[in-house]
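1. take a look and give me a structure for this.
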Amino acid sequence: MSRYTIFIPTEQEIKTIFPGCKLTEKDGFKGVYHNDRFIYMSGIGKTNTAITFTKYLCKYPDVQTTPLLMGIAGAYYATPFGIGDLAVIEDDFFVDEAKLEGDTLDSTSLLGFPVVEG
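-> Got it, this is the predicted structure:
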């Protein structure tokens, strides 16, 4: 049987996706319990999720799991998606880790989205 571990970037997304669940801590991770499963808060972006998942694997080295990143994807304003729509990503260009404006590339930490603590 395959086991999945769910990561959600922000507290606001957790509250929206799992209303009524209280943010708590488990073994140094922030998240919520939902149906007896702990949902991990990872921080915004693939880098933060990778760091959080690496910390998870170090904490639980014997667990075989597949990470699932869930979220609201609110950064993409000009899309045909509405609230409640499901978007499955097949190809990604890894552009949401920074902001390119002209010749300037700002990292997400400069934009107020810090990398999670290691």
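2. any idea how far Gly102 is from Ile39?
-> According to Cβ to Cβ, to the nearest Å, Ile39 and Gly102 sit 38 Å apart. To be clear about C-beta, it is placed using only N, CA and C from the backbone, and glycine gets the same treatment.
3. which of these two has more neighbours?
-> It is Ile39, of Ile39 and Gly102, that has more neighbours when counted by other Cβ atoms under 10 Å, with 21 against 5.
4. quick check: phi and psi at the more buried one.
-> With angles defined as degrees, to the nearest 10, Ile39 shows backbone torsions of phi -100, psi 120.
5. quick one: pLDDT of it?
-> Ile39 carries a pLDDT value of 93.
6. equivalent analysis for Tyr77, please.
-> With respect to pLDDT, Tyr77 has a value of 61.
7. now swap in Asp106 and tell me
-> In this prediction, Asp106 has a pLDDT value of 74.
8. for it, name its beta-bridge partners.
-> Listed by DSSP bridges, the beta-bridge partners for Asp106 are Lys99.
9. how close does it get to Lys30?
-> Here Asp106 is placed at a distance of 26 Å from Lys30 (Cβ to Cβ).
10. who has more neighbours out of those two?
-> Lys30 (16 against 11).
11. what helices or strands is the helix or strand bottoming out on mean pLDDT in the chain leaning on?
-> Taking mean pLDDT, DSSP states H and E as the measure, the chain has strand 98-101 as its least confident helix or strand, at a mean of 72. In terms of contacts (3 or more Cβ pairs under 8 Å, 6 or more residues apart in numbering; DSSP states H and E), strand 98-101 is packed against strand 104-107.
12. may I have the strand it packs on as PDB, with CA atoms only?
-> What follows is strand 104-107, C-alpha atoms only, in PDB (Å, rounded to 0.1, in the frame of the first residue of the first chain):
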ATOM      1  CA  THR A 104      16.200  42.100 -12.000                       C
ATOM      2  CA  LEU A 105      15.600  38.700 -10.400                       C
ATOM      3  CA  ASP A 106      14.400  38.800  -6.800                       C
ATOM      4  CA  SER A 107      14.300  35.700  -4.600                       C
END
